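Chemist: need a 3D model of the sequence below.
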Amino acid sequence: MDVWLNGQFVAADSATIPVFDAGFQHGVGLFETMHAENGRVFRAREHVERLAESARMLRMSERLHVDPLVEAVQRTVEHNSLDRARVRLTVTGGDLNMLQSTGASPQDPTILVTCQPPTEYPDEFFAKGIGVVFAGGRLSPWTPEAGHKTLNYWPNILALQEAAAQRAGEAVWLTPEAHVACGCVSNVFIVHEGTLVTPVARDEEPGAVMPGITRAAVIELAESMNIPVERRTVSVDDFLGADEAFLTNSSWQILPVTSVLVRTGTGETGEDGEPVVGLQPHAIGEQGVGDVTSDLRTALLACIDRETS
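Modeler: Residues are numbered from 1 along each chain as shown. The predicted model follows:
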């Protein structure tokens with residue numbers, strides 16, 4: 001498999017990045033994960049535009065040009081002769097002077113595009129849904145990188161590891177006010193009395209929720225299907241009491257959520273005399289994967305096929 005690195009294709013096992021690169025030294029970088037179907041990348045331009053905007057807002061680089069990057073992303077899929085692919089665009093600060101204070105770095109960023117066959121998730125995930133847990137920490141809206149897809153994914157990885165230990169498929173972050181924000185690698189939707197509800201994203205008002213490309217596609221489809229859509233605060237009670245819930249990202253498209261592991265008393269008393277608290281499954285809805293979720297997933301898959309054909 002070949003990768004696109006700073007303007008040329010090289011074998012993946014021969015690609016090299018300087019040890020003083022800001023992405024390696026300091027985690028200064030951004031990335032996008034995309035999906036290719038029928039040999040074409042779904043909404044590549046929207047992904048690249050989001051990354052370039054983040055690079056400007058975070059003062060990492062103003063030297064990113066959208067059209068050449070979109071072309072590089074598409075060419076990487078074609079060069080590797082992949083019909084379906086998971087595509088990643090990674091951009092770091094390059095040889096970044098961390099003491100510079102005059103704005104975005106004048107240095108050329110490091111740009112890497114990789115692609116590989118997509119992960120094949122079990123059909124059962126989409127037919128029966130998955131369980132999720134609430135992440136142990138809180139997602140801060142006050143840090144500069146909030147709502148941007150940076151290379152600092154350590155908190156997300158730790159939360160995902162904790163979720164996997166509980167046999168959950170995703171961890172859902174809460175805000176400092178204990179409102180639902182997003183998953184570690186996904187946006188969150190619920191359905192309440194026929195209305196589609198999603199937490200407000202960074203491009204709609206300041207906050208820590210990333211404006212997902214798949215999230216935007218789902219909202220567009222819902223509106224075209226005359227499904228009411230609300231972007232608003234989602235409480236934990238809203239989430240637990242939803243008729244349906246699902247997650248969105250480029251790899252899963254739409255992944256139903258049918259249960260949440262919540263901390264609750266077990267009815268037992270520990271050796272210290274205190275009540276024992278454990279994680280217990282709480283069902284979302286009453287009949288598994290709901291009709292709105294199923295209809296939107298069908299519509300999204302058709303949209304992806306249509307736009308990439």
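Chemist: can we go C-alpha only for contacts and neighbour counts from here?
Modeler: Will do.
Chemist: how close does L5 sit to T110?
Modeler: Distance of L5 to T110, given as Cα to Cα, to the nearest Å: 8 Å.
Chemist: I'd like the distance from stretch 2-22 to the chain centre, please.
Modeler: 25 Å (Cα atoms, centre = their mean, to the nearest Å).
Chemist: for that stretch, how far is the first residue from the last?
Modeler: Stretch 2-22 stretches 23 Å from its first residue to its last (Cα to Cα).
Chemist: contacts for it next, please.
Modeler: Taking Cα atoms under 8 Å, 6 or more residues apart in numbering as the criterion, the residues outside stretch 2-22 that touch it are 1, 25, 28-29, 72, 76, 79-80, 92-96, 110-115.
Chemist: quick one: which of those sit in helices?
Modeler: The helices, defined by DSSP state H, take in Q25, A72, T76, H79 from the contacts of stretch 2-22.
Chemist: tell me where the model's unsure across this protein.
Modeler: Along the chain, the parts satisfying pLDDT under 70 run over 97-106, 264-277.
Chemist: how about the strands of the stretch 201-309 of the chain, start to end?
Modeler: Counting by DSSP state E, counting those that start in this stretch, the stretch 201-309 of the chain has strands at residues 229-231, 234-235, 244-249, 253-269, 275-283.
Chemist: L151 is nearest to which of these?
Modeler: Closest approach to L151 among these (Cα to Cα): strand 244-249, 17.1 Å.
Chemist: who are the packing partners of that closest one?
Modeler: Packed against strand 244-249 by the contact rule (3 or more Cα pairs under 8 Å, 6 or more residues apart in numbering; DSSP states H and E) you find strand 187-192, helix 213-224, strand 253-269, helix 291-308.
Chemist: tell me which of those sits most buried.
Modeler: strand 187-192 (a mean of 24; mean count of other Cα atoms under 10 Å).
Chemist: strand partners of that one, parallel vs antiparallel please.
Modeler: strand 195-198 (antiparallel), strand 244-249 (antiparallel) (DSSP bridges).
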